[in-house]
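K.L.:
quick one: sequence and predicted model below, then my questions.
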Amino acid sequence: MSLGKSFNQWKNAREHKHLEKMKRSNRCPECYGQGFLLYPSLMYSLHSDTLFCPGCEGSGRFNDWVTIQEREKHTEDEQVE
Ligand SMILES: [Zn+2]
């Protein structure tokens with residue numbers, strides 16, 4: 001696993017700690033493993049008429065969240081640098 005390095009590029013230390021916790025319990029850090037958002041932002045609700053968590057696409061699993069993060073990172077490629 002080489003997750004730590006890429007996370008540090010865009011997450012601060014506090015969020016990283018949260019991620020570690022979610023990772024250990026295999027829960028999506030955005031929805032806390034629930035698979036949906038109680039208060040979705042306006043941006044998300046424009047793209048979808050469900051409350052499914054966009055981070056994990058409703059599965060609530062950390063592994064799925066990581067996969068989706070990686071996918072987004074590739075599409076946005078190197079904008080951060
Ligand atoms: Zn989620």
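P.N.:
Sure, I can see it.
K.L.:
stretch 31-39: which residues count as buried?
P.N.:
By neighbour count on 16 or more other CB atoms under 10 Å, the buried set for stretch 31-39 is 31-33, 35, 37. Where C-beta positions appear, they are placed from N, C-alpha and C, glycine not excepted.
K.L.:
out of those, which one sits closest to the ion?
P.N.:
Checking these against the ion with CB to the ion, the nearest one is C31 at 3.3 Å.
K.L.:
not counting sequence-adjacent ones, nearest residue to that closest one?
P.N.:
C53 (3.7 Å; CB to CB, 6 or more residues apart in numbering).
K.L.:
mind listing what the one you found touches?
P.N.:
28, 30-31, 34-37, 60 (CB atoms under 8 Å, 6 or more residues apart in numbering).
K.L.:
which pLDDT value goes with it?
P.N.:
For C53, the pLDDT comes out at 88.
K.L.:
and it, how far from the ion?
P.N.:
3 Å (CB to the ion, to the nearest Å).
K.L.:
out of the contacts of C53, which one has the weakest pLDDT?
P.N.:
L37 (79).
K.L.:
tell me the helix or strand right after the worst-scoring helix or strand of the chain on mean pLDDT.
P.N.:
For the chain, counting by mean pLDDT, DSSP states H and E, helix 42-47 ranks last in confidence among helices and strands (a mean of 56). Downstream of helix 42-47, the next assigned helix or strand under DSSP states H and E is helix 62-76.
K.L.:
I'd say C28 and G58 touch.
P.N.:
No. Applying CB atoms under 8 Å, one finds C28 not in contact with G58, separated by 9.2 Å.
K.L.:
for the nearest residue to C56 once chain neighbours are set aside, give me its contacts.
P.N.:
Closest residue to C56 apart from its sequence neighbours, by CB to CB, 6+ apart: C28 at 3.8 Å. Each residue near C28 by CB under 8 Å, 6+ apart is listed here: 22, 34-35, 53, 55-56, 59-62, 64-65.
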